[in-house]
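Novice: What would the 3D arrangement of this be:
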Amino acid sequence: MKTTSITIAAGLIATGPAWAEPLTVYAPDYFASEWGPGPAIEAAFEAQCGCEMEYVTGDVLPRLRLEGARTNADVVIGLNTDTAQPARDTGLFAPHGVDTTDLSLPMAWTDDTFLPFNWSHTAFVYDATRLADPPASFDALRRAPDDLTLVVQDPRSSVSGLALALWIDAIYGDAAEEVWADLADNIVTVTAGWSESYGMFTEGEVDMVLSYTTSPAYHIVAEGDDTKRAAIFPEGHYVMVETAAQLAGTDQPDLAQAFMDFVLTPAFQSIVPEGNWSFPARRAGDLPDGFDALALPDKAIAYSPEEADAKRRAVVAAFEAGMRR
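Specialist: Here you go, the predicted structure:
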């Protein structure tokens, strides 16, 4: 079991907790990779708390369901709003205890369990040197000629793929199956995850890829390339928010709470734009220069975690049926 002790240097004021065990954070693979935001967040938190922190990576929710109350996790990070309700239903989480006023999200936030740390709009990204006249609406994408090629992610295995299915549902409702049938003529393949799709796009294998409005910021900032752009649709764009949460059964509750308190601070939030190529949940000063060049929609679309969970089976069924037509 993990324990927490308090040490006081002789003759000095108490310097704070000395943590006997590291903070264990379950995270998706991308988050803790060398190109993800995890390493910088780990270094910043360890410098603040005088503690150690370690990531356990993989599919977070399935692992938690398997381990149940026996889990070694103190905190999880990377669950998004569309998967929050199944996670909440496990009963493994505690309230985050953090003030969520003054956030930079495009919708109100009232969830007292899952704490947002970044967000972006789902969008189709294209290369302006390859596609000079991209579809200007979702309806136009549906009517696109067959030689316009798309790659998307599978809503059964990918959070971005699920976001697309929910996006289509939000705009078209009962006509979602027909929308998928229209798109099927243009979809070259459906990948299990985002990385494979985006790799196909950057290799020039397809005209457009399901990604995010903030994806072009990477190309602008890191590569000096402004040819990758998001197609902006007047129907609105579905918003994905990623979150952090603490486990109710952690045996280091003070350290877990310290991390939750850290999430919305400038030290964490300033890492988000270029660490995760997304918008911070709470703005920490100016965004990198490339972000001011991004095309963004006027209308944001979002389902609550409860709504997204209730719709999951139906939107996946619409995808499966539409792609078979």
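
Novice: Closest to the centroid, which residue in this protein?
Specialist: Nearest to the geometric centre of the chain sits residue 242, at 4.0 Å (C-alpha atoms, centre = their mean).

Novice: I figured that one hits residue 82, correct?
Specialist: No - taking contacts as C-beta atoms under 8 Å, residue 242 lies outside contact range of residue 82: 10.3 Å. All C-beta spots, glycine's among them, are computed from the backbone N, C-alpha and C.

Novice: and the residue nearest to the centre of the chain, how far is that from residue 83?
Specialist: Separation of residue 242 from residue 83 (C-beta to C-beta, to the nearest Å) stands at 10 Å.

Novice: cool, residue 58 as well?
Specialist: 14 Å.

Novice: Show me which of the two is the more surrounded one.
Specialist: Between residue 58 and residue 83, counted using other C-beta atoms under 10 Å, the more crowded position is residue 83 (21 against 12).

Novice: How confident was the prediction at that one?
Specialist: As predicted, residue 83 sits at a pLDDT of 92.

Novice: distance of it from residue 303?
Specialist: As judged by C-beta to C-beta, residue 83 and residue 303 stand 12 Å apart.

Novice: Please apply the same query to residue 281.
Specialist: 18 Å.

Novice: Tell me which of those two has more neighbours.
Specialist: residue 281 (25 against 21).

Novice: The more buried one contacts residue 103, correct?
Specialist: Yes - with contact defined as C-beta under 8 Å, residue 281 reaches residue 103; the gap is 5.5 Å.

Novice: Next, show the common contact partners of those two.
Specialist: Residues touching both residue 281 and residue 103 (C-beta atoms under 8 Å, 6 or more residues apart in numbering) are 116, 264.

Novice: Which parts of the protein belong to which domain?
Specialist: Here the domain parsing of the chain from automatic domain parsing is 4-119+240-287, 121-239+292-324.

Novice: The stretch 51-200 of the chain: strands as residue ranges?
Specialist: In the stretch 51-200 of the chain, the strands defined using DSSP state E, counting those that start in this stretch lie at 53-57, 75-80, 93-94, 115-127, 150-153, 187-191.

Novice: Put together CSV for those strands, with mean pLDDT on each row.
Specialist: What follows is the strands of the stretch 51-200 of the chain, written out as CSV (pLDDT from 0 to 100):
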stretch, mean pLDDT
strand 53-57, 97
strand 75-80, 97
strand 93-94, 98
strand 115-127, 98
strand 150-153, 98
strand 187-191, 98
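
Novice: For those, give me CSV that also has mean neighbour count and distance to residue 203.
Specialist: Shown next, in CSV, are the strands of the stretch 51-200 of the chain (neighbours: other C-beta atoms under 10 Å; distance: least, C-beta to C-beta, whole Å):
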stretch, mean neighbour count, distance to residue 203
strand 53-57, 18, 26
strand 75-80, 25, 26
strand 93-94, 19, 40
strand 115-127, 25, 11
strand 150-153, 25, 11
strand 187-191, 17, 12
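
Novice: okay if I get those strands as a markdown table plus distance to residue 206?
Specialist: Shown next, in a markdown table, are the strands of the stretch 51-200 of the chain (distance: least, C-beta to C-beta, whole Å):
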| stretch | distance to residue 206 |
| --- | --- |
| strand 53-57 | 28 |
| strand 75-80 | 24 |
| strand 93-94 | 38 |
| strand 115-127 | 9 |
| strand 150-153 | 5 |
| strand 187-191 | 5 |
